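Trainee: quick one: sequence and predicted model below, then my questions.
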Amino acid sequence: MIICPSCGHQSITGSAFCAECGVNLLPSDTPTTQKMDVEHPASSEQPKRSAVTSPVVPCDNWVTLHLLDSGQVLPLTARNEFTIGRTAEGQPVMPDIDLTPYQAYSHGVSRLHAVIKRGLAEILLMDLDSANGTFVNGERLEPDEERALSNGDVVALGGFKIQILLKST
Amino acid sequence: MPPSKQDYYSALGILRDSSPEEIKRAYHAAARRFHPDQNMLPGETEIFLEVQRAYEVLSNPQRRVLYDATLPKEEAGTQAPVQIRLQYSRQSLVHLDEPQLVYALLEAGQFEHRGPQTLTPLNLCLVLDVSTSMQGNKIDVAKAAAIRIVHMLRPEDLFGLVVFSDRAEVLLPCAYQHDLNRAQSRIQSIRTSGATEIRQGLQAGLTELSRSLDPKRGNHLILLTDGHTYGDEQECLQLAEEAARLNISISGFGIGGDWNDIFLDGLVGRTGGNSTYIAEAQDIESLLVEKFAALARTFVDDAILEGRPQSGVELRSCHRLQPEGGPIEIGEVLHLGPILQDESLSVLFEFVIEPSASREESVTLLDGAMRAVVAARPIPFPPIRLRMDRPCTPSASKETPPQSIVSALSRLSLYRLQERARNETQAGEYESATRHLRNLALQLQTQGQHDLSKTTLFEAESIERLQAFSEQGSKQIKYATRALLRQAARERK
């Protein structure tokens, strides 16, 4: 059995995609040559990349979004994939994380701007072809390109800045 | 080059180890084709005499053994019209106390050398719905499409046109269309009236095709409709089965939301054909013309797979990715569909392996042969051996599947989610249908299918509120995810 990291549905061994939610069950596309250091899970310095040790437990807090302008902190739990954006009247697709209350519109956030998801070994960010682009530490992402995030990275959705806080225990 | 003197096996188009039944079947097929009652072309008598000599020897076990002893060693695949490539989602299976899955991707086409190809001439009948609902834009575009097809016909093609509502009329009998102006003015005279009774059109179209039925041609019926047929579904399905027996394939085009795609899928599926959804009337012409172009450059009319898995292995599903995406009906014989001159066939198989089978060292997923049916060739190609198997080891291998399989599977999982949501809506399980559609919308969004994602989400909401999947929306999602299957096959080129 394979347990879907996103919805917890049990799929038969050898499945490539979850029959319940369609999420990819294969190991991440980017080859993960990096070894996880079990002896020293976290030093006082920023870890280069967070190691999610138990991908089959779907419900712990795997990333926290620190909204730099308002100081608001949003811990993400319960799911392994969140779309980020804002809402407007008559919009058919609602983002999972709605930044409307934080002046998302004036900061140039698209209605479906980006998606953050939990891969097997890393946290991935992908731009959803937004109008003003998604930047990681000032570097613009190509639409639909997945980028692994490290603890402390500053992500900008257009002009809306978010610091990424990964679980550091 | 094939050997100058061919042996009895290639005369019948069979393999050296064919069973007596297979020999008999091949002989009957040849006999039907070269029956002396038909107008024989020069040379056909000679072919038939050779076929008869071959059958006399091979049908007699003692004579067959003696004959086999005189044959030189078999050169593998010298005459194969197409090559087959196989890829698997897993390098090896694992001994397991629970069922496991493995996918196989089959590609059949001309990958290595491209010799001169025989293209099959067509015997084609277009069956057009002219009921009142077609009035206006739809019928105008359909007429324009019919006229375009008449102009695209090659000199060797036979073409007929049948119009129907609650009764049918043969507008152009199946024939060589040399007087294009006459054909054109006949098509322009079409008027709409009456209700939709598909049986009427199907019957008249099949009658036309069977008058000019020719085993050396691609015999094909194209049905274009925009409405539900009332009360004659069973008769239509019977007609389709009859058509399959006569080697006539049917493809169906449905315009707008108000037609029964499940029924049409069943109808065309019985003949190995495909159904297509036309959302907007202006697309009628381009889609029909595309269909005709595909028919005209068909190289192998049907790739037929005969074979079976070992015990403890089940072929759970089978989907064609290319040339046209869609499910393949699972039976003793699988009609995988056509191979075009410039487009290979690609099919994804899903196997479930029970614990009993995974205890062995190697698992045979499918053992059989594929026959490439080329109607224009007098002597059939010998079948191509096909064996899908995987080793089975104590511990699981860690590799990721080849990219081509991953992209095919990712698209297939979208099609499946759609299928599930639809079945659940029908069963009244609105909550899970809504959830599956929402999940589908999210996956579509991350794959960059923004418009389709919106449509899907809209439908999810309408199921939640109204407990109904809209006719138009359900078809749009179904056929769009089907089209994505084909896109997956093309992306990796």
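Mentor: On my side now, so go ahead. Numbers count the residues shown, from 1 in each chain, chains lettered A, B, ... in the order given.
Trainee: so what's the residue count around B:Gly43?
Mentor: 9 (other CB atoms under 10 Å in any protein chain shown). In short, each C-beta sits where N, CA and C put it, glycine included.
Trainee: no wait, B:Asn137
Mentor: Using other CB under 10 Å, B:Asn137 is surrounded by 12 other residues.
Trainee: list the contacts for it?
Mentor: B:281-282 (CB atoms under 8 Å, 6 or more residues apart in numbering or on different chains).
Trainee: can you rerun that using 6 Å?
Mentor: B:Ala281 (CB atoms under 6 Å, 6 or more residues apart in numbering or on different chains).
Trainee: where does it fall, phi/psi-wise?
Mentor: Torsion angles at B:Asn137 (phi, psi; degrees, to the nearest 10) stand at phi -60, psi -40.
Trainee: quick one: B:Ile84 is in a strand?
Mentor: Yes - counting by DSSP: H, G, I helix; E, B strand; the rest coil, B:Ile84 is located in a strand.
Trainee: buried stuff in the lengthiest strand in chain A?
Mentor: For chain A, the strand with the greatest residue count under DSSP state E is strand A:160-166. Buried residues in strand A:160-166, defined by neighbour count with 16 or more other CB atoms under 10 Å in any protein chain shown: A:160, A:162, A:164-166.
Trainee: can you tell me the centre-most residue of chain B?
Mentor: Nearest to the mean C-alpha position of chain B, counting by CA atoms, centre = their mean, stands B:Gly337 at 3.2 Å.
Trainee: residue ranges with poor pLDDT in chain A?
Mentor: A:28-60, A:90, A:167-169 (pLDDT under 70).
Trainee: from the centroid of it, which residue is nearest?
Mentor: Short answer for chain A (CA atoms, centre = their mean): A:Ile116, at 2.3 Å.
Trainee: what sits against it?
Mentor: Going by CB under 6 Å, 6+ apart, A:Ile116 touches A:82, A:125.
Trainee: and if you look at B:Glu306?
Mentor: By CB under 6 Å, 6+ apart, the neighbours of B:Glu306 are B:333, B:368.
Trainee: any idea which element it lies in?
Mentor: Taking DSSP states H and E as the definition, one finds B:Glu306 inside strand B:298-308.
Trainee: can you give the strand pairings for that strand, parallel or anti for each?
Mentor: The strands beside strand B:298-308 in its sheet (DSSP bridges) come out as strand B:333-340 (antiparallel), strand B:362-373 (antiparallel).
Trainee: show me how far that strand is from its chain's centre.
Mentor: Per CA atoms, centre = their mean, to the nearest Å, the displacement of strand B:298-308 from the mean C-alpha position of its chain is 9 Å.
Trainee: one more: stretch B:438-445?
Mentor: The answer for stretch B:438-445 is 29 Å, by CA atoms, centre = their mean.
Trainee: cool, and stretch A:136-145?
Mentor: 13 Å.
Trainee: phi, psi of B:Tyr9?
Mentor: Here B:Tyr9 shows phi and psi, under degrees, to the nearest 10, equal to phi -70, psi -40.
Trainee: assign a three-state SS to the nearest residue to it once chain neighbours are set aside, would you?
Mentor: Excluding the flanking residues, the one nearest B:Tyr9 by CB to CB, 6 or more residues apart in numbering or on different chains is B:Arg16, at 5.6 Å. Secondary structure assignment for B:Arg16 (three-state DSSP): coil.
Trainee: burial measure for B:Pro61, as a count.
Mentor: Around B:Pro61 there are 9 residues (other CB under 10 Å).
Trainee: show me the contacts for it.
Mentor: By CB under 6 Å, 6+ apart, the contact list for B:Pro61 is empty.
Trainee: still on that earlier bit, hey, what's the residue nearest to the centre of chain B bridged with?
Mentor: Bridge pairing for B:Gly337 - DSSP bridges - gives B:Ala303.
Trainee: related to what we said a few turns ago, could I get the average pLDDT for the strand holding B:Glu306?
Mentor: The average pLDDT for strand B:298-308 rounds to 87.
Trainee: can you give me the buried ones in it?
Mentor: B:298-305, B:307.
Trainee: could you do stretch B:424-437 as well?
Mentor: B:424-425, B:430, B:433-437.
Trainee: just stretch B:260-273 next, same as before
Mentor: So, applying 16+ other CB under 10 Å, buried residues of stretch B:260-273: B:260-261, B:263-273.
Trainee: restricted to helices, list those.
Mentor: B:261, B:263-269 (DSSP state H).
Trainee: out of those residues, which is nearest to B:Met388?
Mentor: For these, the residue nearest B:Met388 by CB to CB is B:Gly269; the value is 23.4 Å.
Trainee: distance check, the residue nearest to B:Asp265 when sequence neighbours are not counted against B:Ser249.
Mentor: Closest residue to B:Asp265 apart from its sequence neighbours, by CB to CB, 6+ apart: B:Ser275 at 5.2 Å. Distance of B:Ser275 to B:Ser249, given as CB to CB, to the nearest Å: 12 Å.
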